[in-house]
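Enquirer: sequence first, predicted model second:
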Amino acid sequence: MMRFFIIILTLFSSAVYCQDITEFNTIYTKTYLETSQKDFNKALKIADSLYTISETPVLQVKSLMLSATLYDQSGEFEKSLNYALDAEKIIEKTDNSIWKAKIYGFLATHYRYVRLFDKSKKYAELGINAVKDIANSDVSNNMMAMMMQEMAYYQTEQKNYKESIDKLEKAKHHLANIKGNTDITSITNEQLLGYNYYALGDFDKSFMHYQNALKLSKKFPENYLVGLIHNGFASIYLKKKELDKAKEHLDIARRIADESKYLALKNEVYNTSELYYSMTKNIDDLIKTQKKHDTVKKTLQKEMETFVNKSYSQIDNENIKIKKTDSIKSIIIGIALLLIIIAIIFFIFYRNKQKKNIEEFKKLLKDLDKKHNELISNESPEPIDKLAAEDENYLINEEEITIPAGTVKKILDKLKEFENSKSFTDNSISLPFLASYCETNIKYLSYVINTHKHKDFRNYINELRIDFVVDKLRKFPKYRNYKIAILAEEAGFSSPNKFSTIFKKVTNITPSLFIKYLNETEKK
């Protein structure tokens with residue numbers, strides 16, 4: 001079923017009846033043109049800017065309903081509903097029957113589309129009552145025509161096509177009594193008449209009404225209504241098996257639909273396209289169209305479900321507050337109790353998690369102690385001691401490097417001396433410097449560090465520094481009050497960020513959390 005929210009479109013045609021500021025009207029008209037040109041994102045930005053310059057409730061409502069329309073056309077039903085409901089809250093505080101009728105009609109359409117018929121009927125009745133309070137006959141006829149169109153849409157969805165045509169003829173009667181411009185409303189009326197006659201199988205009358213709609217649409221920039229009209233022509237020609245003429249109109253409808261964000265239009269056009277490709281046995285294009293159609297249907301379904309859920313949660317909320325005060329109090333008490341239970345559960349969970357974290361931290365300290373002992377162990381590997389004692393010229397060959405065993409032991413001894421000297425806290429320490437300190441060359445030093453310390457030079461230095469800081473934090477509580485920047489500088493790191501990164505890499509925990517757990521552990 002085609003879905004057109006005609007009520008909001010008449011905002012443009014009935015602007016003459018509103019006392020608007022010039023700037024507002026200029027931007028408002030521009031937004032309509034942007035929408036017609038399928039530039040929805042730009043139109044939405046313009047619509048948002050309107051609200052900021054709206055100085056009266058009517059102008060605020062008008063800008064909100066413009067945004068509601070744009071979101072509606074792109075299939076974002078929940079956002080569209082929220083804007084319309086915000087507009088309803090504002091307009092209900094005024095005596096502006098015109099905009100009350102427009103908003104009620106818009107909401108009636110929304111709720112009818114998602115089959116919330118009670119809500120739709122409620123807003124339709126509110127709209128009709130609001131129309132009765134409109135003194136200006138032209139405006140009253142215009143609004144009543146829109147209400148008749150809304151009833152026609154409902155009948156069409158129920159497949160009561162003759163009843164729908166009756167409502168549309170009544171709408172046409174009201175439009176005929178209007179002196180002002182009614183082209184947009186008339187376009188929709190003719191297009192929907194064409195659709196209903198097509199459904200009844202009266203293709204000649206359907207064709208005539210589509211022609212009327214197309215003729216009226218020439219006065220406006222190309223928009224989604226034009227796409228629906230050409231889609232209607234294509235459907236008629238397909239029924240008559242005039243495939244060339246069907247393709248001519250379908251190509252136009254496809255182009256407009258592909259450029260548009262109006263999902264309801266895409267849905268209709270893809271339906272017709274699938275029928276055309278089936279009749280012409282164009283399997284490749286049929287498959288491509290079916291994939292696009294599936295995506296559109298899924299998006300529409302998702303948005304509709306969200307819209308329905310949102311609608312149900314908001315149904316008669318104000319009435320519930322007034323009529324069911326005791327129930328609300330019970331709910332509040334229930335929620336309070338639930339929050340208390342949640343708080344207790346969270347507290348227990350937090351305490352258990354803290355205990356677990358402390359236990360893991362204690363294990364971490366043991367692992368760090370083990371790593372510390374391995375890092376600064378005084379013992380050289382036994383094979384090297386033995387070989388060096390027997391023959392200091394014994395050569396070690398590994399990975400294309402040849403180094404005397406005695407040299408390895410001397411380097412390890414110098415590294416032990418280096419570790420005890422705390423020289424690694426100098427932030428300018430480098431591999432050449434350490435090689436000079438160990439009285440060897442860079443190649444031998446790198447080999448010994450990689451082989452016996454099991455890491456490269458940079459990680460070796462960084463772990464010595466972290467081990468140094470950890471030792472200070474554990475032995476001297478005053479260090480725990482120092483800022484991270486001070487700890488980083490004392491350990492020889494160039495920046496607090498680098499220090500924190502390496503600290504976590506070595507200990508698997510951040511410096512601040514390490515200090516926190518350290519304090520908690522000692523308290524216990």
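Expert: Received it, and whenever you're ready, just let me know what you need.
Enquirer: can you map out the strands along the stretch 101-250 of the chain?
Expert: With DSSP state E, counting those that start in this stretch as the definition, the stretch 101-250 of the chain shows no strands.
Enquirer: make that the chain, sorry
Expert: Here the chain has its strands, by DSSP state E, at 395-398, 401-404.
Enquirer: lowest average pLDDT across these?
Expert: Of all the strands of the chain, mean pLDDT reaches its minimum on strand 395-398 (a mean of 49).
Enquirer: domain map for this structure?
Expert: Using automatic domain parsing, the domains assigned to the chain come out as 1-201, 222-301, 374-523.
Enquirer: buried stuff in stretch 419-426?
Expert: 419, 423-425 (16 or more other Cβ atoms under 10 Å). The way it works is simple: take the backbone N, C-alpha and C, and place the C-beta from them, glycine included.
Enquirer: out of the domains of the chain, which comes closest to Lys362?
Expert: domain 374-523 (6.6 Å; Cβ to Cβ).
Enquirer: would you format the domains of the chain as JSON lines with distance to Ala213 included?
Expert: Listed next are those as JSON lines, based on distance: least, Cβ to Cβ, whole Å:
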{"stretch": "domain 1-201", "distance to Ala213": "4"}
{"stretch": "domain 222-301", "distance to Ala213": "5"}
{"stretch": "domain 374-523", "distance to Ala213": "66"}
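Enquirer: between the ones you listed, which gets nearest to Asn352?
Expert: domain 374-523 (14.5 Å).
Enquirer: distance from the chain centre to that closest one, please.
Expert: Per Cα atoms, centre = their mean, to the nearest Å, the displacement of domain 374-523 from the mean C-alpha position of its chain is 48 Å.
Enquirer: picking that back up, in terms of mean pLDDT, which of the domains of the chain ranks lowest?
Expert: Taking the mean pLDDT of these, domain 1-201 comes last: a mean of 77.
Enquirer: could you measure from Lys119 over to Ala108?
Expert: Distance of Lys119 to Ala108, computed by Cβ to Cβ, to the nearest Å: 8 Å.
Enquirer: same question, Ile461
Expert: When Ile461 is compared with Ala108 (using Cβ to Cβ), they lie 74 Å apart.
Enquirer: surely Ile449 is in contact with Arg458?
Expert: No - with contact defined as Cβ atoms under 8 Å, Ile449 does not reach Arg458; the gap is 10.0 Å.
Enquirer: more neighbours: which of these two?
Expert: Neighbour count, other Cβ atoms under 10 Å: between Ile449 and Arg458, Ile449 has more, with 23 against 12.
Enquirer: who are the neighbours in contact with the more buried one?
Expert: Residues counted as contacts of Ile449 (Cβ atoms under 8 Å, 6 or more residues apart in numbering) are 415, 455-457, 460.
Enquirer: again, only this time at 7 Å
Expert: Going by Cβ atoms under 7 Å, 6 or more residues apart in numbering, Ile449 touches 455-457, 460.
Enquirer: how about Leu265?
Expert: 224, 227-228, 257.
Enquirer: buried ones among these?
Expert: 224, 227-228, 257.
Enquirer: state the pair within those residues that is farthest apart.
Expert: Leu228 and Ala257 (9.3 Å).
Enquirer: please say which of Lys119 and Ala108 ends up with more neighbours.
Expert: Neighbours were counted for Lys119 and for Ala108 using other Cβ under 10 Å; Ala108 has more, 28 against 20.
Enquirer: how far away is the more buried one from Tyr224?
Expert: Where Tyr224 is concerned, Ala108 sits at a distance of 20 Å (Cβ to Cβ).
Enquirer: go on, Asp367?
Expert: As judged by Cβ to Cβ, Asp367 and Tyr224 stand 67 Å apart.
Enquirer: OK, contacts around the nearest residue to Ala488 once chain neighbours are set aside?
Expert: Counting by Cβ to Cβ, 6 or more residues apart in numbering, Ala488 lies nearest to Phe499, which is 3.4 Å off, once chain neighbours are set aside. Contacts here follow Cβ under 7 Å, 6+ apart; on that basis Phe499 touches 484, 487-488, 491, 493.
Enquirer: all helices of the stretch 251-400 of the chain, in order?
Expert: For the stretch 251-400 of the chain, applying DSSP state H, counting those that start in this stretch gives helices covering 263-279, 283-314, 317-323, 325-375, 382-390.
Enquirer: quick one on the thing from earlier: Throw the contacts of Ile449 into a markdown table and include neighbour count and distance to Lys363, thanks.
Expert: Output for the contacts of Ile449, formatted as a markdown table (neighbours: other Cβ atoms under 10 Å; distance: Cβ to Cβ, whole Å):
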| residue | neighbour count | distance to Lys363 |
| --- | --- | --- |
| Lys455 | 14 | 22 |
| Asp456 | 13 | 27 |
| Phe457 | 18 | 29 |
| Tyr460 | 20 | 24 |
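Enquirer: any chance of these in JSON lines, with distance to Leu265 too?
Expert: JSON lines is the format used below for these (distance: Cβ to Cβ, whole Å):
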{"residue": "Lys455", "distance to Leu265": "65"}
{"residue": "Asp456", "distance to Leu265": "63"}
{"residue": "Phe457", "distance to Leu265": "67"}
{"residue": "Tyr460", "distance to Leu265": "67"}
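Enquirer: ok, and what's touching stretch 229-244?
Expert: Contacts of stretch 229-244 (Cβ under 7 Å, 6+ apart): 191, 194-195, 198, 203, 206-207, 210, 213-214, 217, 245-246, 249-250, 252-253, 268-269, 272, 275-276, 279-280.
Enquirer: mind exporting stretch 286-299 as PDB, just the C-alpha atoms?
Expert: Only the C-alpha atoms of stretch 286-299 are listed here, as PDB (Å, rounded to 0.1, in the frame of the first residue of the first chain):
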ATOM      1  CA  LEU A 286      15.100  -9.100 -11.400                       C
ATOM      2  CA  ILE A 287      17.600 -10.500  -9.000                       C
ATOM      3  CA  LYS A 288      19.300  -7.100  -8.500                       C
ATOM      4  CA  THR A 289      15.900  -5.500  -7.900                       C
ATOM      5  CA  GLN A 290      14.800  -8.200  -5.400                       C
ATOM      6  CA  LYS A 291      17.900  -7.600  -3.400                       C
ATOM      7  CA  LYS A 292      17.300  -3.900  -3.200                       C
ATOM      8  CA  HIS A 293      13.700  -4.500  -2.400                       C
ATOM      9  CA  ASP A 294      14.500  -6.900   0.400                       C
ATOM     10  CA  THR A 295      16.800  -4.200   2.000                       C
ATOM     11  CA  VAL A 296      14.100  -1.600   1.800                       C
ATOM     12  CA  LYS A 297      11.500  -3.900   3.300                       C
ATOM     13  CA  LYS A 298      13.800  -4.900   6.100                       C
ATOM     14  CA  THR A 299      14.500  -1.200   6.900                       C
END
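Enquirer: all helices of the stretch 1-150 of the chain, in order?
Expert: Using DSSP H, counting those that start in this stretch, helices in the stretch 1-150 of the chain cover 6-13, 22-36, 40-52, 57-73, 77-91, 97-113, 117-132, 137-157.
Enquirer: can you add distance to Leu434 and give those back as CSV?
Expert: Formatted as CSV, those follow (distance: least, Cβ to Cβ, whole Å):
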stretch, distance to Leu434
helix 6-13, 77
helix 22-36, 68
helix 40-52, 60
helix 57-73, 66
helix 77-91, 64
helix 97-113, 75
helix 117-132, 79
helix 137-157, 83
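Enquirer: rewinding a little: only whichever of the contacts of stretch 229-244 are buried, select them in ChimeraX.
Expert: Buried subset of the contacts of stretch 229-244, written as a ChimeraX selection, criterion 16+ other Cβ under 10 Å:
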select :191,194,195,198,203,206,207,210,213,214,217,246,249,250,252,253,268,269,272,275,276
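Enquirer: how far away is Val408 from Ile449?
Expert: Distance from Val408 to Ile449, by Cβ to Cβ: 11 Å.
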